[in-house]
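Undergrad: When you get a sec, could you give me coordinates for this:
(2 chains, ligands or ions: 2)
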Amino acid sequence: MNSCTKCGNTHIIIRRKQSGQSLCKECFLASINEKVLKNIRKYKLIEKGDKVLMALSGGKDSVVALNILNSLKERNIIDLTALTIDEGIKGYREEGIKIAAKNAQKLGVDHKIVSFKDYLGLNLDDMMAKNDQIRHACTYCGVFRRWILNREAQEEEATKIATGHNLDDETQSIIMNYLEGNINNLVRIGPKTEAPDKRFTVKIKPLREIPEKEVGLYAVAAGLKVHLSGCPYAGESFRWEIGSFIKELSINHPTIMYSTLKGFEKIKTALKKEITIKGNLGVCKRCGEPAADDLCKACTFLKDWDVK
Amino acid sequence: MKIKVIIGEENLDQKIPEGCTVKDLLKKMEIPSETVVVKKNEFIIVEEELIQEGDTIEIIKVIYGG
Ligand SMILES: [Zn+2]
Ligand SMILES: [Zn+2]
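TA: Ligands and ions are numbered 1, 2, ... in the order given. Reported below is the predicted structural model:
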């Protein structure tokens, strides 16, 4: 009960309520590494020779993912680079960017920093000042980040984009899209995106089955320097409400996130047969990126502000 | 008994009763245990761990909503 289930060490750092397993620091870190690498193989997230672009915010999730992916780089299985996007959130983002750079440097991973300001002419704070509270900051942030990530990946000739999404994030997305009736988006959720054509770089989520708490524990246990702070814009979004609700439920029902994910995987196959995802993407008239309509989502927003 | 509690930049002196666990301490301080990693005298511990006189408890918030 008070010793590591795997090696007997009496200094345990986690007791998994889901499985009853207790683990010491070394066995915990090893178990996460194994689980992530196992999922990479199982879902074919990475193939030998891939050039992976890690979306590195400096937060615990992307820093942990970078460290685990680096083990594949060290074994010469992949080429790894990191990209940090400076959204321009005063008093919050600066620290994360510094930490992201330090982590990349420590591992010897090439690192590039790009900003909303340079790309779009506006940073997120500017957008929110113009926005009159019509849309949540997370909407702009998400759309523009995806847009920049895709462009940068194409420029770097990356074959995969890795993001730090964890089990909590993924469960939130499933529940959110379901509750909003957004079934087109729901069926797209998965360990890797299916890029409709070459203009999209495939996105992968290596930490998708790791609970957020365990990603945090990994960062602390491995002594990684991570940016631990909340985004000032994160509060009061629908995602935040759903996230709090699921975390609350998980206290008494520790397997609920995992079962939500696994249950979704089962119905997804059937759902996809019924729902045809809009194919034949055109090109955005403004920026040339793939778009479902005349303009891509990023350009729809930008046009409203009439910049660049 | 007296212990030291570190949260972020803050250094607090706390008084807790005998037989107090990490879980009890977090409850008393109104910190949700599912959002933090706790170290006792620089080692990560589980929330069932007993706290003793003179211990230094570091509470590291790893989950920020959403
Ligand atoms: Zn062990
Ligand atoms: Zn566009």
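Undergrad: Distance check, whatever residue of chain B ends up closest to chain A against A:Lys35.
TA: Relative to chain A, the nearest point of chain B is B:Val62 (2.7 Å; Cβ to the nearest Cβ). C-beta here means a position set from N, CA and C on the backbone, and glycine is covered the same way. The gap separating B:Val62 from A:Lys35 is 18 Å, by Cβ to Cβ, to the nearest Å.
Undergrad: about what we covered before: pull up the per-residue confidence for the residue of chain B closest to chain A.
TA: Per-residue pLDDT puts B:Val62 at 96.
Undergrad: so it makes contact with A:Val220?
TA: Yes - checked against Cβ atoms under 8 Å, the pair B:Val62 and A:Val220 is within contact range at 6.9 Å.
Undergrad: which residues are in contact with both of those two?
TA: Jointly contacting B:Val62 and A:Val220 under the rule Cβ atoms under 8 Å, 6 or more residues apart in numbering or on different chains are B:Val37.
Undergrad: can you pull the contacts of the residue of chain B closest to chain A?
TA: A:60, A:212-213, A:215-217, A:219-220, A:228, B:35-37.
Undergrad: hmm, try it at 7 Å
TA: B:Val62 makes contact with A:60, A:216, A:220, A:228, B:35-37, according to Cβ atoms under 7 Å, 6 or more residues apart in numbering or on different chains.
Undergrad: Show the backbone phi and psi for it.
TA: For B:Val62, the backbone dihedrals (degrees, to the nearest 10) come out as phi -110, psi -10.
Undergrad: separation between it and A:Arg199?
TA: 37 Å.
Undergrad: so where's chain B uncertain?
TA: Across chain B, the ranges flagged by pLDDT under 70 are B:65-66.
Undergrad: Ends of stretch A:157-171, what's the gap?
TA: End-to-end span of stretch A:157-171 (Cα to Cα, to the nearest Å): 31 Å.
Undergrad: quick one: it near chain B?
TA: No - on the criterion Cβ under 7 Å from any Cβ of the partner chain, stretch A:157-171 is out of touch with chain B, staying 8.1 Å away.
Undergrad: Identify all contacting residues around that stretch.
TA: For stretch A:157-171, the surrounding residues in contact (Cβ under 7 Å, 6+ apart) are A:46, A:50-55, A:59, A:61-62, A:65, A:69, A:149, A:153, A:189, A:201-212, A:215, A:243, A:246, A:257-258, A:260-261.
Undergrad: Please repeat the previous calculation with a cut-off of 6 Å.
TA: Outside stretch A:157-171, the residues within contact range by Cβ atoms under 6 Å, 6 or more residues apart in numbering or on different chains are A:50-55, A:61-62, A:65, A:149, A:153, A:201-205, A:207-212, A:215, A:246, A:257, A:260-261.
Undergrad: For stretch B:47-66, list every residue counted as buried.
TA: Within stretch B:47-66, the residues scored as buried using 16 or more other Cβ atoms under 10 Å in any protein chain shown are B:47, B:49, B:51, B:55, B:57-66.
Undergrad: Tabulate the CA atom coordinates of it in PDB.
TA: What follows is stretch B:47-66, C-alpha atoms only, in PDB (Å, rounded to 0.1, in the frame of the first residue of the first chain):
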ATOM      1  CA  GLU B  47      -1.900  13.500  -0.100                       C
ATOM      2  CA  GLU B  48      -2.200  10.800   2.600                       C
ATOM      3  CA  GLU B  49       1.200  11.600   4.000                       C
ATOM      4  CA  LEU B  50       1.400  12.800   7.600                       C
ATOM      5  CA  ILE B  51       2.900  16.200   8.400                       C
ATOM      6  CA  GLN B  52       5.200  16.600  11.300                       C
ATOM      7  CA  GLU B  53       6.500  19.500  13.500                       C
ATOM      8  CA  GLY B  54       9.000  21.600  11.600                       C
ATOM      9  CA  ASP B  55       8.200  20.200   8.100                       C
ATOM     10  CA  THR B  56       8.400  22.500   5.100                       C
ATOM     11  CA  ILE B  57       5.500  21.900   2.800                       C
ATOM     12  CA  GLU B  58       5.700  23.300  -0.700                       C
ATOM     13  CA  ILE B  59       2.400  23.500  -2.700                       C
ATOM     14  CA  ILE B  60       2.900  23.700  -6.400                       C
ATOM     15  CA  LYS B  61      -0.200  24.600  -8.400                       C
ATOM     16  CA  VAL B  62       0.000  22.800 -11.700                       C
ATOM     17  CA  ILE B  63      -3.600  23.100 -13.000                       C
ATOM     18  CA  TYR B  64      -5.100  26.500 -13.800                       C
ATOM     19  CA  GLY B  65      -8.700  26.000 -14.700                       C
ATOM     20  CA  GLY B  66     -10.000  25.400 -18.200                       C
END
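Undergrad: Can you classify the closest residue to A:Lys285 other than its chain neighbours by secondary structure?
TA: Once flanking residues are discounted, A:Lys285 sits nearest to A:Asp294: 5.3 Å by Cβ to Cβ, 6 or more residues apart in numbering or on different chains. At A:Asp294 the chain is in coil, as set by DSSP: H, G, I helix; E, B strand; the rest coil.
Undergrad: Compute the number of surrounding residues for A:Asp294.
TA: 12 (other Cβ atoms under 10 Å in any protein chain shown).
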